[in-house]
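Colleague: sequence first, predicted model second:
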Amino acid sequence: MTSSEQSPLVAMVGGGQLARMTHQAAIALGRGLRVVAEHPDDPAAQVSPDVVLGKADDLEALRRAARGAVAVTFDHEHVPQAVLRALEADGVAVHPPSSALRFAQDKLAMRERLVELGAPAPGFWRVVDPEQCPWPDGGVVLKTASGGYDGRGVWFPQSQDEAQEVVAQLLEAGQDVLAEEKVVAKRELSALVARSPLGQVAAWPVVETVQENGMCVVVVAPAQGLPPGLAAAAQELAIKIATELGVVGVLAVELFETEDGRILVNELAMRPHNSGHWTMDGSTTSQFEQHLRAVLDYPLGDPGLTAGVVVMANIVGGVAANGMSMDERVHHLMARSPRVKVHLYGKEPRPGRKIGHVNLLGAAADAPAVRAEAEQAARWLSSGTGLSGGE
Ligand code: ADP
């Protein structure tokens, strides 16, 4: 193929698993992804032949990556606003633009903007003095405004004294701190949508996300037993946020569902998201393909489910693997559960680190059994335990 016939090139900042899986989707569209990675052994750098080595705040590295690319996009939120705006000033198509991405980078800015949009959300306070830390009836959750992920950057103090201590330490470390009303949620949901520069939007079914220690571990698509009116409201809310903020690409709106049937926004992510990994096997259009379609300004794909229920379970590293290599564990799992789809990220299994996920599709009526089998498969790949007869 001559270069003039090649598909347009997208550059993604960040070399993690999201870039790795976006690269998979980019291959199907006729081209791989160019990635900006810190290390040659980062998950995406292992697989893309087109790697720019550099940190996410290195403007010159990002400029090199942008050269010849039709768009620059992200697998994380950690590119400083000044760097984003410098690229935009160069004429680079930055998707999502800096004006949208700031609401995924700064939880205080996000909360303030959601109030302006009238989006339902927990009450919050900017805390600048430990003595002034609020303590409403249900207590608070403390967060750093930026830099957190997978529950790092979130604290659950048990008393006002403890809250004040945490705030003092965070302020001392130079962090901006917010306190949020502690929500008593029935469960957590995610409304995932994609938006193109021309404003086309597509919404996947609303899913349930199950968290452990602040980290997503299981996703059930669609969320079981969610009243259709609430599901539609969550999708409409996500579309409204994507549109009003001018997001381009995938937007995940993480939500709490309350016992009294309301939804409240927890946070926003403007990139492919853990709550959308099920789409790789369970939707007509995966979130990674859709993200590329959006940043390339192609028409968006059908976000429908391809099964009655789809369950994703994360493989988390750090637990002793029972003396078995990953290769052996995969081998046993495949023999035991031939319908399970395995996705590994090429990461060292450090404690609490997501190193892969499994997806399992099934009939809607079998949802509990599908979930149990997916969780069992992920536990097995994490720890080499829990697969009946397999230890
Ligand atoms: P991160 O940016 O690390 O993903 P989040 O803001 O999503 O952090 O918080 C991580 C988890 O902490 C959430 O998924 C939820 O389980 C819990 N959490 C966050 N905010 C609140 C809140 N206001 N009330 C109750 N639980 C919360």
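Modeller: Good, I have the coordinates.
Colleague: list the contacts of residue 262.
Modeller: residue 120 (C-beta atoms under 8 Å, 6 or more residues apart in numbering). The C-beta positions use only the backbone N, C-alpha and C, and glycine is treated the same way.
Colleague: what's around residue 267, how many residues?
Modeller: 18 (other C-beta atoms under 10 Å).
Colleague: make sure I have this right: it is in a helix.
Modeller: No: looking at residue 267 with DSSP: H, G, I helix; E, B strand; the rest coil, it is strand, so not inside a helix.
Colleague: quick check: bridge partners of the closest residue to it other than its chain neighbours?
Modeller: Spatially, and ignoring its direct neighbours in sequence, residue 267 is nearest to residue 254 (5.0 Å; C-beta to C-beta, 6 or more residues apart in numbering). Beta-bridge pairing for residue 254 (DSSP bridges): residue 190, residue 267.
Colleague: do I have it right that residue 254 meets residue 211?
Modeller: No: assessed by C-beta atoms under 8 Å, residue 254 is found out of contact with residue 211, at 9.6 Å.
Colleague: those two: which has the busier surroundings?
Modeller: Set residue 254 next to residue 211 and count neighbours by other C-beta under 10 Å: residue 254 wins out with 21 against 15.
Colleague: contact partners for the more buried one?
Modeller: Contacts of residue 254 (C-beta under 8 Å, 6+ apart): 188-190, 209, 265-269, 275.
Colleague: before we move on, what about residue 61?
Modeller: 36, 52-55.
Colleague: and the stretch 51-200 of the chain, which residues reach the ligand?
Modeller: For the stretch 51-200 of the chain, the contact set with the ligand under C-beta under 6 Å from any ligand atom comprises 122, 141, 143, 148-154, 180-183, 188.
Colleague: coming back round to it: got a markdown table for the contacts of residue 61, with secondary structure too?
Modeller: Output for the contacts of residue 61, formatted as a markdown table (three-state DSSP):
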| residue | secondary structure |
| --- | --- |
| 36 | strand |
| 52 | strand |
| 53 | strand |
| 54 | coil |
| 55 | coil |
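Colleague: which of these ranks first by neighbour count?
Modeller: The most crowded member of the contacts of residue 61, judged by other C-beta under 10 Å, is residue 36 (29 neighbours).
Colleague: so what's that one bridging to?
Modeller: Going by DSSP bridges, residue 36 forms beta bridges with residue 13, residue 52.
Colleague: buried subset of the residues of the stretch 51-200 of the chain next to the ligand?
Modeller: Buried members of these, counted by 16 or more other C-beta atoms under 10 Å: 122, 141, 143, 148, 153-154, 180-183, 188.
Colleague: if I look at the one residue in the stretch 251-391 of the chain that gets nearest to the ligand, how far off is residue 30?
Modeller: Nearest to the ligand, among the residues of the stretch 251-391 of the chain, is residue 267, at 4.6 Å (C-beta to the nearest ligand atom). Per C-beta to C-beta, to the nearest Å, residue 267 is found 34 Å from residue 30.
Colleague: swap in residue 5?
Modeller: Distance from residue 5 to residue 30, by C-beta to C-beta: 9 Å.
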